[in-house]
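> the following comprises the amino acid sequence and a computationally predicted model.
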Amino acid sequence: MNSIKRKVFYSFHFDNDVFRVQQVRNMGVIEGNEPATPNNWEQIRRTPGGVERWINDNMQGKTCAIVLIGMETAQRPWVQYEIKKAWEDGKGLFGINVHNLKCPRTGICRKGPNPFDGIKFTKANGQIYVPRTYDPSASDAYGDINRNLSTWIERAIADAM
(Lines give C-alpha, C1' and ligand atoms only; values in the text may rest on other atoms or scores of the structure.)
Protein backbone atom coordinates (compact mmCIF):
# COMPACT_ATOMS: atom_id res chain seq x y z
CA MET A 1 0.00 0.00 0.00
CA ASN A 2 1.22 3.47 -0.85
CA SER A 3 2.36 5.46 2.19
CA ILE A 4 1.40 8.78 0.53
CA LYS A 5 -1.99 9.99 1.67
CA ARG A 6 -3.37 11.39 -1.57
CA LYS A 7 -5.70 14.37 -1.64
CA VAL A 8 -8.77 13.60 -3.71
CA PHE A 9 -11.93 15.29 -4.85
CA TYR A 10 -15.15 13.31 -4.41
CA SER A 11 -17.93 13.77 -6.93
CA PHE A 12 -21.36 12.38 -6.05
CA HIS A 13 -25.10 13.03 -5.81
CA PHE A 14 -25.48 14.51 -2.33
CA ASP A 15 -29.20 13.87 -1.74
CA ASN A 16 -29.09 10.19 -2.62
CA ASP A 17 -25.63 9.08 -1.61
CA VAL A 18 -24.22 11.24 1.19
CA PHE A 19 -24.38 8.40 3.76
CA ARG A 20 -22.60 6.00 1.40
CA VAL A 21 -20.01 8.68 0.62
CA GLN A 22 -19.35 9.26 4.34
CA GLN A 23 -18.43 5.59 4.70
CA VAL A 24 -15.75 5.96 2.03
CA ARG A 25 -14.49 9.23 3.54
CA ASN A 26 -14.28 7.73 7.01
CA MET A 27 -12.02 4.87 5.87
CA GLY A 28 -9.07 7.23 6.47
CA VAL A 29 -7.17 5.93 3.46
CA ILE A 30 -7.12 9.30 1.71
CA GLU A 31 -7.72 12.96 2.31
CA GLY A 32 -10.88 14.14 0.61
CA ASN A 33 -12.80 17.33 0.24
CA GLU A 34 -15.54 17.93 2.76
CA PRO A 35 -18.96 18.61 1.29
CA ALA A 36 -20.64 21.92 1.82
CA THR A 37 -23.29 21.86 4.53
CA PRO A 38 -26.88 22.09 3.22
CA ASN A 39 -27.10 25.74 4.39
CA ASN A 40 -23.77 26.67 2.78
CA TRP A 41 -24.72 24.84 -0.40
CA GLU A 42 -27.92 26.88 -0.73
CA GLN A 43 -25.87 30.08 -0.41
CA ILE A 44 -23.32 28.80 -2.95
CA ARG A 45 -26.12 27.92 -5.40
CA ARG A 46 -27.74 31.36 -5.11
CA THR A 47 -24.50 33.22 -5.83
CA PRO A 48 -23.85 33.78 -9.56
CA GLY A 49 -20.99 31.46 -10.54
CA GLY A 50 -20.95 30.11 -6.98
CA VAL A 51 -21.12 26.41 -7.78
CA GLU A 52 -18.38 26.55 -10.39
CA ARG A 53 -16.19 28.58 -8.04
CA TRP A 54 -16.79 26.12 -5.16
CA ILE A 55 -15.92 23.15 -7.40
CA ASN A 56 -12.85 24.84 -8.85
CA ASP A 57 -11.60 25.92 -5.41
CA ASN A 58 -12.15 22.48 -3.88
CA MET A 59 -10.58 20.63 -6.78
CA GLN A 60 -7.42 22.74 -6.56
CA GLY A 61 -4.50 20.84 -5.03
CA LYS A 62 -6.12 17.43 -5.50
CA THR A 63 -4.37 14.69 -7.48
CA CYS A 64 -7.40 12.58 -8.30
CA ALA A 65 -11.18 12.84 -8.68
CA ILE A 66 -13.29 9.90 -7.57
CA VAL A 67 -16.86 9.69 -8.77
CA LEU A 68 -18.90 7.75 -6.22
CA ILE A 69 -21.60 6.32 -8.46
CA GLY A 70 -25.13 5.85 -7.16
CA MET A 71 -28.43 5.40 -8.99
CA GLU A 72 -28.71 8.99 -10.29
CA THR A 73 -25.10 10.24 -10.22
CA ALA A 74 -24.62 10.09 -14.00
CA GLN A 75 -27.56 12.46 -14.59
CA ARG A 76 -26.32 15.19 -12.23
CA PRO A 77 -25.07 18.23 -14.19
CA TRP A 78 -22.52 19.23 -11.53
CA VAL A 79 -21.07 15.72 -11.50
CA GLN A 80 -20.62 16.02 -15.27
CA TYR A 81 -18.92 19.39 -14.77
CA GLU A 82 -16.61 17.91 -12.11
CA ILE A 83 -15.66 15.00 -14.36
CA LYS A 84 -14.78 17.29 -17.26
CA LYS A 85 -12.91 19.72 -14.99
CA ALA A 86 -10.83 16.93 -13.43
CA TRP A 87 -9.91 15.58 -16.86
CA GLU A 88 -9.04 19.02 -18.25
CA ASP A 89 -6.85 19.65 -15.18
CA GLY A 90 -4.95 16.38 -15.72
CA LYS A 91 -6.12 14.70 -12.52
CA GLY A 92 -6.51 10.98 -12.07
CA LEU A 93 -10.15 10.05 -12.62
CA PHE A 94 -12.18 6.94 -11.86
CA GLY A 95 -15.51 5.77 -10.48
CA ILE A 96 -16.67 3.45 -7.74
CA ASN A 97 -20.17 2.02 -7.74
CA VAL A 98 -21.50 2.57 -4.22
CA HIS A 99 -24.93 0.96 -4.57
CA ASN A 100 -23.94 -1.96 -2.30
CA LEU A 101 -22.86 0.26 0.60
CA LYS A 102 -25.71 0.38 3.06
CA CYS A 103 -27.46 3.68 3.71
CA PRO A 104 -29.21 3.96 7.10
CA ARG A 105 -32.24 5.52 5.39
CA THR A 106 -32.57 3.41 2.25
CA GLY A 107 -30.36 0.31 2.58
CA ILE A 108 -28.71 -0.63 -0.70
CA CYS A 109 -29.91 0.62 -4.07
CA ARG A 110 -29.77 -0.29 -7.76
CA LYS A 111 -26.55 0.20 -9.66
CA GLY A 112 -26.52 3.49 -11.56
CA PRO A 113 -25.35 4.14 -15.11
CA ASN A 114 -21.71 4.95 -15.84
CA PRO A 115 -21.23 8.75 -15.62
CA PHE A 116 -18.27 8.57 -18.03
CA ASP A 117 -20.41 7.27 -20.91
CA GLY A 118 -21.00 9.93 -23.49
CA ILE A 119 -17.88 11.94 -22.60
CA LYS A 120 -14.90 11.68 -24.95
CA PHE A 121 -11.58 11.64 -23.13
CA THR A 122 -8.56 12.20 -25.38
CA LYS A 123 -4.98 12.23 -24.11
CA ALA A 124 -2.44 14.74 -25.43
CA ASN A 125 -1.03 12.05 -27.73
CA GLY A 126 -4.47 11.54 -29.32
CA GLN A 127 -5.14 8.26 -27.52
CA ILE A 128 -8.75 7.76 -26.42
CA TYR A 129 -9.02 7.12 -22.70
CA VAL A 130 -11.83 5.48 -20.75
CA PRO A 131 -11.79 6.08 -16.98
CA ARG A 132 -12.04 2.87 -14.99
CA THR A 133 -15.03 2.08 -12.83
CA TYR A 134 -14.98 -0.41 -9.99
CA ASP A 135 -17.87 -2.51 -8.76
CA PRO A 136 -17.09 -3.65 -5.22
CA SER A 137 -18.24 -7.03 -3.98
CA ALA A 138 -21.92 -7.18 -3.01
CA SER A 139 -21.07 -9.26 0.05
CA ASP A 140 -18.38 -6.87 1.37
CA ALA A 141 -18.50 -3.58 -0.56
CA TYR A 142 -17.00 -1.60 2.33
CA GLY A 143 -14.08 -4.02 2.80
CA ASP A 144 -13.45 -4.22 -0.94
CA ILE A 145 -13.27 -0.42 -1.26
CA ASN A 146 -11.14 -0.08 1.87
CA ARG A 147 -8.62 -2.69 0.66
CA ASN A 148 -8.32 -1.32 -2.88
CA LEU A 149 -8.88 2.44 -2.73
CA SER A 150 -5.20 3.43 -2.57
CA THR A 151 -4.35 1.14 -5.49
CA TRP A 152 -7.25 2.47 -7.57
CA ILE A 153 -6.11 6.06 -6.92
CA GLU A 154 -2.52 5.36 -7.91
CA ARG A 155 -3.68 3.53 -11.05
CA ALA A 156 -5.92 6.49 -12.05
CA ILE A 157 -3.10 9.00 -11.52
CA ALA A 158 -0.75 6.86 -13.65
CA ASP A 159 -3.46 6.40 -16.32
CA ALA A 160 -3.96 10.17 -16.60
CA MET A 161 -0.35 10.72 -17.65
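Received it, and whenever you're ready, just let me know what you need. Numbering: from 1, shown residues only.

> is residue 148 in contact with residue 134, as I believe?
Yes: contact criterion CB atoms under 8 Å: residue 148 and residue 134 qualify, at 7.1 Å. C-beta here means a position set from N, CA and C on the backbone, and glycine is covered the same way.

> in the protein, which residue is closest to the centre?
With distances taken as CA atoms, centre = their mean, the residue of the chain nearest its centroid is residue 67 (2.2 Å).

> tell me which helix or strand that one sits in.
Element membership for residue 67, per DSSP states H and E: strand 64-69.

> residue 82 now?
Per DSSP H and E: residue 82 is located in helix 77-88.

> now do residue 123 against residue 47, distance only.
For residue 123, the distance to residue 47 equals 35 Å [CB to CB, to the nearest Å].

> how about the helices in the chain?
If DSSP state H is used as the criterion, the helices of the chain fall at 14-25, 38-46, 50-59, 77-88, 141-160.

> and the fourth one, what other elements does it pack with?
In this structure, helix 77-88 packs against strand 7-11, helix 50-59, strand 64-69, strand 92-97, with contacts taken as 3 or more CB pairs under 8 Å, 6 or more residues apart in numbering; DSSP states H and E.

> is it possible to get a markdown table of these that adds mean pLDDT and distance to residue 84?
Listed next are the helices and strands packed on helix 77-88 as a markdown table, based on pLDDT from 0 to 100; distance: least, CB to CB, whole Å:
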| stretch | mean pLDDT | distance to residue 84 |
| --- | --- | --- |
| strand 7-11 | 90 | 11 |
| helix 50-59 | 86 | 10 |
| strand 64-69 | 94 | 10 |
| strand 92-97 | 95 | 10 |
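
> number of nearby residues for residue 151?
As a burial measure, residue 151 scores 12 neighbours (other CB atoms under 10 Å).

> many thanks, have a good one.
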